[in-house]
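Asks: quick one: sequence and predicted model below, then my questions.
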Amino acid sequence: MTRAVGFEVLGLTEIVSFTTLKNLPSRRVMERIGMTNTHTDFEHPAVPEGNALRPHCLYKISRVQWTQSDASLKKHHPSD
């Protein structure tokens, strides 16, 4: 789901995403699209205890944050 679909079509007020702490490429994507780390790491219950992939981090973006970042992007790139 794109952020636009989530916010404009579905009317969500917030979109969240999570990944294992070790998945740096996914974390960089979430940051690049404007999501912020909530610093509320958690143990994913579907991953066995003791598994190195069990620790996860939670990212989120609110509709307000998305609207502000979208407006800022349009200001810097009006032809888009």
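Replies: Alright, I've got the coordinates. Numbering: from 1, shown residues only.

Asks: hey, let's count contacts and neighbours off CA atoms from now on
Replies: Will do.

Asks: where along the protein do the strands fall?
Replies: For the chain, the strands defined by DSSP state E occupy 14-20, 36-37, 42-43, 55-62.

Asks: okay if I get those strands as CSV plus distance to G6 and mean pLDDT?
Replies: Listed next are the strands of the chain as CSV, based on distance: least, CA to CA, whole Å; pLDDT from 0 to 100:
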stretch, distance to G6, mean pLDDT
strand 14-20, 7, 97
strand 36-37, 17, 97
strand 42-43, 24, 97
strand 55-62, 10, 97
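
Asks: want to try a markdown table for the ones you listed, with mean neighbour count and distance to F7 as columns?
Replies: Compiled in a markdown table, those are given as follows (neighbours: other CA atoms under 10 Å; distance: least, CA to CA, whole Å):
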| stretch | mean neighbour count | distance to F7 |
| --- | --- | --- |
| strand 14-20 | 17 | 8 |
| strand 36-37 | 18 | 17 |
| strand 42-43 | 14 | 26 |
| strand 55-62 | 19 | 9 |
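
Asks: Serialize these to a markdown table and add fields for distance to A4.
Replies: Converted to a markdown table, these look like this (distance: least, CA to CA, whole Å):
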| stretch | distance to A4 |
| --- | --- |
| strand 14-20 | 11 |
| strand 36-37 | 17 |
| strand 42-43 | 27 |
| strand 55-62 | 12 |
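
Asks: helix or strand with the lowest mean pLDDT in the chain?
Replies: Lowest by mean pLDDT, DSSP states H and E among the helices and strands of the chain is helix 63-76, with a mean of 73.

Asks: ok, back up a step: out of the strands of the chain, which is closest to T2?
Replies: strand 14-20 (9.8 Å; CA to CA).

Asks: show me what contacts the closest residue to P45 other than its chain neighbours?
Replies: Leaving aside its chain neighbours, P45 sits nearest to R54 (7.6 Å; criterion: CA to CA, 6 or more residues apart in numbering). By CA atoms under 8 Å, 6 or more residues apart in numbering, R54 lies in contact with T20, E43, H44, P45, V47, P48.

Asks: quick one: the residue nearest to the second one when sequence neighbours are not counted and P25, what's the gap?
Replies: Closest residue in space to E43, ignoring its immediate chain neighbours: P55 at 4.6 Å, by CA to CA, 6+ apart. In this structure, P55 and P25 are separated by 16 Å, where distance is defined by CA to CA, to the nearest Å.
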